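In: fold the stuff below for me.
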Amino acid sequence: MKISPEEVAKVAKLSRLDLPQDKLELFAGQLGDILDYMDKLGELDTESVEPMYSPVKHTTVLRKDEVKKEYTRDDVLSNAPEQDGQFFIVPRIV
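Out: Residues are numbered from 1 along each chain as shown. Coordinates of the predicted model:
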């Protein structure tokens, strides 16, 4: 598929890019080559190929998320500036 320098200039204007004429012609050729390659890839028979989301198998290296109680209420409240033995006491905000 051929891309004209005028089409590149239109896209550049929409992107708010100010490109000189020689760059417009360069990018038109490069974009044309990319689209030609995409057309070539589109000709391949992929009917029996199973879709994949990534070519790399991702494994989780993080630990399992297990709930466990490591601190007692007294341990947690011991660092609070104000507490009533059961809850934190904080200033009222209206």
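
In: just the helices in this protein please.
Out: 5-14, 21-42, 73-77 (DSSP state H).

In: please save the CA atoms from the lowest-mean-pLDDT helix or strand in the chain in PDB.
Out: Ranked by mean pLDDT, DSSP states H and E, the weakest helix or strand in the chain is helix 73-77, scoring a mean of 90. Output in PDB follows, covering the C-alpha atoms of helix 73-77 (Å, rounded to 0.1, in the frame of the first residue of the first chain):
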ATOM      1  CA  ARG A  73      -4.100  -5.900  69.000                       C
ATOM      2  CA  ASP A  74      -1.900  -4.800  71.900                       C
ATOM      3  CA  ASP A  75       1.200  -4.900  69.700                       C
ATOM      4  CA  VAL A  76      -0.500  -2.700  67.100                       C
ATOM      5  CA  LEU A  77      -2.000  -0.200  69.600                       C
END
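
In: who are the packing partners of it?
Out: Contacts defined by 3 or more Cβ pairs under 8 Å, 6 or more residues apart in numbering; DSSP states H and E place helix 73-77 against no helix or strand at all. For the C-beta atoms, the positions are set from N, CA and C on the backbone; glycine is no exception.

In: start the count at 21 instead of 1 going forward.
Out: Yes, from this point I'll number from 21; that puts the last item at helix 93-97.

In: about what we covered before: for residue 105, find the nearest of the helices of the chain.
Out: helix 93-97 (7.2 Å; Cβ to Cβ).

In: quick one: contacts for residue 44?
Out: Residues in contact with residue 44, defined by Cβ atoms under 8 Å, 6 or more residues apart in numbering, are 25, 28-29, 32.

In: can you rerun that using 6 Å?
Out: Counting by Cβ atoms under 6 Å, 6 or more residues apart in numbering, residue 44 touches 25, 28-29.

In: go on, residue 21?
Out: Per Cβ under 6 Å, 6+ apart, neighbours of residue 21: residue 55.

In: sorry, back to before: other residues contacting the least confident helix or strand of the chain?
Out: residue 103.

In: just the buried residues of that helix, please?
Out: residue 97 (16 or more other Cβ atoms under 10 Å).
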